[in-house]
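Trainee: The amino acid sequence is not available; the structure is as follows:
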């Protein structure tokens, strides 16, 4: 398996090296032209559990890791770290299904990948004498999951940036209270796109060479890193396996997946699974009011030149969907010159357009829809009152979109990406029908939501109230490089 940039075929590297680099030198993302040959048929899934499914997927996509390295890493990542033995259980909600991705140590879907990425990194670094500094932008959930996963991993430091004042109370405390001798956290003035764009710039800036000269390589824990993306492919296959076991589908029957997404990473994992042989009928992209993806899939025009809207689904408050680039590469037939041109237009003009056969190919796989905040709250309320299920706002966006689309006859699996207690103020308002008092903090809202529903919050979230804040830095985008430079000078 040789990985190269979406923007150029030269300089191909192994999966191990692609994972350590994170981002290509030209700003592109690592892709592999052998993806379609990595076949995993539904019948091959029968009799497996989550760990067995993960081993099958990882062995195909990361084939220069040994079976021993993968098996031992999987055991550490998923052995006793998730509340559910199934890791990502599939459960019914009305006529749809929920793929519950929030049973990990930080109560968000990012845990599935970020419990595994440190295992990949450690195996890739073993005996090399190299050190890696992970630099990551987060809109809320990636940060804590990455910090938790990489805490005190030898030879790896981690620096996380998040948009100041634009994550939930609970998400902020998850990051600000993080312990670990190798962790560094800072808020950034601006929105997530400002943070993400600056992180990408750092990877292409003189700082990268400066750090490499001192023995420190930069890498990423965002879904631009294939080590983040590959574990997410697993839960699509495992969801299908669970549906077969329940008798909801027979091997080969199509299943539709509805995914709340802003950065296009989670739904891209479903696209990878489809190309690898999973009978995915349609992938439904569910957006919030920052519906740049909805517009793109409807018109073929991607235009980030619009007002940024702060919503109750902060993990989707994104106008630059980085992982879209990988999908564009595959649907263009691997046209690296075209992808480089499209990304140049996005960087310089804030927009690009696709049309013709390429747009037809995209529309043959992807559907789309979106929900504003009031519609999201209504979906939370309906799920609780009608279905007896408490869901977070991101899941509610996807459930609303899934229920309003024209049915295909295939089962619909809605990806449920976070515990509702991570967004307890807005979920509490939706369930109670009135807003909590303005002076209530996140924990007061958490307690009220538990009282209203009789559901206990996850210990990992409830326990935050007794932890001291350890990280209080706030920098400008221009100050992020200096923050990384200082972090790389510490021992890790």
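Mentor: Perfect, I can see it now. Owing to the predicted nature of the structure, the values given are computational and were not obtained by experimental measurement.

Trainee: residue ranges for the helices of the stretch 351-492 of the chain, please.
Mentor: Assigned by DSSP state H, counting those that start in this stretch, the helices in the stretch 351-492 of the chain fall at 356-363, 373-387, 393-404, 424-432, 442-453, 459-462, 480-488.

Trainee: Could you provide those helices in CSV, with additional columns for distance to residue 217?
Mentor: All C-beta spots, glycine's among them, are computed from the backbone N, C-alpha and C. Below are the helices of the stretch 351-492 of the chain laid out as CSV (distance: least, C-beta to C-beta, whole Å):
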stretch, distance to residue 217
helix 356-363, 34
helix 373-387, 40
helix 393-404, 33
helix 424-432, 39
helix 442-453, 37
helix 459-462, 31
helix 480-488, 10
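
Trainee: which strands and helices sit next to the lengthiest helix in the chain?
Mentor: Criterion DSSP state H: the longest helix present in the chain is helix 226-246. Helix 226-246 sits against helix 15-21, helix 50-61, strand 90-93, strand 96-100, helix 110-114, helix 117-125, strand 255-260, helix 265-275, with contacts defined as 3 or more C-beta pairs under 8 Å, 6 or more residues apart in numbering; DSSP states H and E.

Trainee: Kindly provide the whole-number mean pLDDT of that helix.
Mentor: Averaged over helix 226-246, pLDDT sits at 97.

Trainee: which one of the helices and strands packed on helix 226-246 lies closest to residue 420?
Mentor: With C-beta to C-beta as the measure, strand 96-100 is the member of the helices and strands packed on helix 226-246 nearest residue 420 (11.6 Å).

Trainee: residues making contact with the closest one?
Mentor: 84, 88-92, 235, 239, 243, 248, 257-258, 389, 391, 395, 399, 402-403, 411-416 (C-beta atoms under 8 Å, 6 or more residues apart in numbering).

Trainee: Mark which of the residues you listed are buried, thanks.
Mentor: 88-90, 235, 239, 243, 248, 257-258, 389, 391, 395, 399, 402-403, 411-416 (16 or more other C-beta atoms under 10 Å).

Trainee: Buried residues, stretch 250-264. List them.
Mentor: For stretch 250-264, by 16+ other C-beta under 10 Å, it's 253, 255-264.

Trainee: Same question for stretch 354-363.
Mentor: Neighbour count says stretch 354-363 has 354, 358-359, 361-362 buried, by 16+ other C-beta under 10 Å.

Trainee: can you check stretch 108-123 too?
Mentor: Buried positions in stretch 108-123, judged by neighbour count with 16+ other C-beta under 10 Å: 108-123.

Trainee: Equivalent analysis for stretch 437-445, please.
Mentor: 440, 442-445.

Trainee: where does residue 141 land on pLDDT?
Mentor: For residue 141, pLDDT reads 81.

Trainee: ok, it - how many residues close by?
Mentor: 27 (other C-beta atoms under 10 Å).

Trainee: so it makes contact with residue 419?
Mentor: No: under the criterion of C-beta atoms under 8 Å, residue 141 makes no contact with residue 419, lying 10.2 Å away.

Trainee: Find the residues that touch each one of the two.
Mentor: In contact with both residue 141 and residue 419: residue 108, using C-beta under 8 Å, 6+ apart.

Trainee: Tabulate the helices of the stretch 351-492 of the chain in TSV, adding columns for mean pLDDT and distance to residue 174.
Mentor: What follows is the helices of the stretch 351-492 of the chain, written out as TSV (pLDDT from 0 to 100; distance: least, C-beta to C-beta, whole Å):
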stretch	mean pLDDT	distance to residue 174
helix 356-363	97	35
helix 373-387	98	21
helix 393-404	98	16
helix 424-432	96	13
helix 442-453	96	11
helix 459-462	93	8
helix 480-488	97	19
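
Trainee: Please identify the deepest-packed of the ones you listed.
Mentor: Scoring the helices of the stretch 351-492 of the chain by mean neighbour count under mean count of other C-beta atoms under 10 Å gives helix 393-404 as the most buried, with a mean of 28.

Trainee: Does anything pack onto it? Which helices or strands?
Mentor: Here helix 393-404 touches strand 96-100, strand 255-260, strand 280-287, strand 366-370, helix 373-387, strand 412-416, helix 424-432, going by 3+ C-beta pairs under 8 Å, 6+ apart.

Trainee: could you redo the last one with a cut-off of 10 Å?
Mentor: Helices and strands touching helix 393-404, as assessed by 3 or more C-beta pairs under 10 Å, 6 or more residues apart in numbering; DSSP states H and E, comprise strand 90-93, strand 96-100, strand 255-260, strand 280-287, strand 366-370, helix 373-387, strand 412-416, helix 424-432.

Trainee: one step back: may I see the buried residues of the longest helix of the chain?
Mentor: Within helix 226-246, the residues that count as buried by 16+ other C-beta under 10 Å are 226-244.

Trainee: again, but for stretch 13-24
Mentor: For stretch 13-24, a neighbour-count test (16+ other C-beta under 10 Å) marks 13-16, 18-24 as buried.

Trainee: what's the answer for stretch 182-200, then?
Mentor: For stretch 182-200, by 16+ other C-beta under 10 Å, it's 182-188, 190-200.

Trainee: likewise stretch 126-144?
Mentor: So stretch 126-144, judged by 16+ other C-beta under 10 Å, has buried residues 131-144.

Trainee: Can you flag which of the residues you listed belong to helices?
Mentor: Short answer: the buried residues of stretch 126-144 in helices (DSSP H) are 141-144.

Trainee: can you redo those residues as CSV with distance to residue 218?
Mentor: Output for these, formatted as CSV (distance: C-beta to C-beta, whole Å):
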residue, distance to residue 218
141, 22
142, 16
143, 17
144, 21
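
Trainee: between these, which is closest to residue 472?
Mentor: Among these, and counting by C-beta to C-beta, the member closest to residue 472 is residue 143, at 14.9 Å.

Trainee: Run through the residues that contact the closest one.
Mentor: For residue 143, the contact set (C-beta atoms under 10 Å, 6 or more residues apart in numbering) comprises 106, 110, 114, 136-137, 158, 160-162, 167, 171-172, 174-176, 178, 185, 221-222.

Trainee: The residue nearest to it when sequence neighbours are not counted bridge partners, please.
Mentor: Excluding the flanking residues, the one nearest residue 143 by C-beta to C-beta, 6 or more residues apart in numbering is residue 160, at 4.3 Å. In this entry, residue 160 is beta-bridged to residue 136, residue 185, by DSSP bridges.

Trainee: wait, isn't residue 160 in contact with residue 141?
Mentor: No: using C-beta atoms under 10 Å, residue 160 makes no contact with residue 141, being 11.2 Å away.

Trainee: Overlap in contacts, those two.
Mentor: Common neighbours of residue 160 and residue 141 (C-beta under 10 Å, 6+ apart) are residue 175.

Trainee: Count residues in the vicinity of residue 343, would you?
Mentor: Residue 343 has 20 nearby residues by other C-beta under 10 Å.

Trainee: Double-check that it belongs to a helix.
Mentor: Yes: membership of residue 343 in a helix is supported by DSSP: H, G, I helix; E, B strand; the rest coil.

Trainee: Wait, it touches residue 321, no?
Mentor: No: the criterion here is C-beta under 10 Å, and residue 343 misses it with residue 321 at 11.9 Å.
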